[in-house]
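K.L.:
sharing a model prediction with you, sequence too.
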Amino acid sequence: MYYEDIFTALQEHKVKYLVVGGVAMGLHGIPRMTADLDIMLDLAPANIKKFITATGKLGYVPRPPLTFKDFIDPGKRKSWTGEKNMVMFTLVNPKIPYQEIDVFADNPVDFQELYAGKKIAQFGNIEIPVASMDGLIALKENTGRKQDRTDVSILKRLRKNGQKEK
């Protein structure tokens with residue numbers, strides 16, 4: 001599973017991140033089909049550089065025409081989100097095209113706050129930081145995407161029924 005390689009590399013390089021999106025739903029015990037891995041990063045330049053090193057060693061590259069150098073630049077990221085309505089910066093594996101990592105170009109909610117409430121999913125020796133149910137709700141509530149509305153509905157129903165975080 002390519003997720004395992006990514007999580008291992010991120011842990012080895014001490015990248016500060018959270019798993020969000022469909023994989024996070026699965027890690028909370030809510031089955032959901034997804035092909036990509038959605039991540040929210042601490043967007044501090046030093047952390048972005050660690051992320052670039054970790055994913056670059058696995059062969060991931062930004063989807064053209066963007067570059068890793070562009071991603072480090074907060075001004076460029078701001079122009080992507082403000083002028084081009086770009087939400088995610090996508091990395092692809094040229095050898096295996098369906099393997100993609102999507103990273104928020106600009107975090108829609110406060111990363112530190114979400115990180116403080118994170119849950120840890122243990123997979124062997126890998127510790128995977130996952131946005132909490134409340135964190136996922138905060139991220140997904142205002143996207144306007146049908147899948148996110150469905151996810152929010154499920155998360156709220158589970159929370160209302162006393163479902164514990166995984």
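P.N.:
Ah, there it is. Because the structure is predicted, anything quoted here is derived from the model rather than measured.
K.L.:
and residue 11, how many residues sit next to it?
P.N.:
16 (other CB atoms under 10 Å). (C-beta placed from N, C-alpha, C; glycine too.)
K.L.:
now the strand or helix carrying it: buried residues?
P.N.:
Using DSSP states H and E, residue 11 sits in helix 2-12. Neighbour counts over helix 2-12 (16 or more other CB atoms under 10 Å) mark 3, 6, 7, 8, 9, 10, 11 as buried.
K.L.:
of the residues you listed, which one scores lowest on pLDDT?
P.N.:
Ranked by pLDDT, those bottom out at residue 3 (90).
K.L.:
that one - nearest residue in space that isn't next to it in sequence?
P.N.:
In space, and not counting its chain neighbours, residue 3 is closest to residue 37: 6.0 Å by CB to CB, 6 or more residues apart in numbering.
K.L.:
show me what contacts the residue sitting nearest the centre point of the chain?
P.N.:
Taking CA atoms, centre = their mean as the criterion, residue 39 is the residue nearest the geometric centre of the chain, at 1.1 Å. By CB atoms under 8 Å, 6 or more residues apart in numbering, residue 39 lies in contact with 17, 18, 19, 20, 101, 102, 103, 104.
K.L.:
got those as JSON lines, with pLDDT and secondary structure columns?
P.N.:
Listed next are the contacts of residue 39 as JSON lines, based on pLDDT from 0 to 100; DSSP: H, G, I helix; E, B strand; the rest coil:
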{"residue": "17", "pLDDT": "98", "secondary structure": "strand"}
{"residue": "18", "pLDDT": "98", "secondary structure": "strand"}
{"residue": "19", "pLDDT": "98", "secondary structure": "strand"}
{"residue": "20", "pLDDT": "95", "secondary structure": "strand"}
{"residue": "101", "pLDDT": "97", "secondary structure": "strand"}
{"residue": "102", "pLDDT": "96", "secondary structure": "strand"}
{"residue": "103", "pLDDT": "97", "secondary structure": "strand"}
{"residue": "104", "pLDDT": "96", "secondary structure": "strand"}
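K.L.:
of the residues you listed, closest to residue 87?
P.N.:
residue 104 (6.8 Å; CB to CB).
K.L.:
I'd guessed that closest one sits against residue 86; true?
P.N.:
No - assessed by CB atoms under 8 Å, residue 104 is found out of contact with residue 86, at 9.9 Å.
K.L.:
higher neighbour count, the two?
P.N.:
Neighbour count, other CB under 10 Å: between residue 104 and residue 86, residue 104 has more, with 22 against 16.
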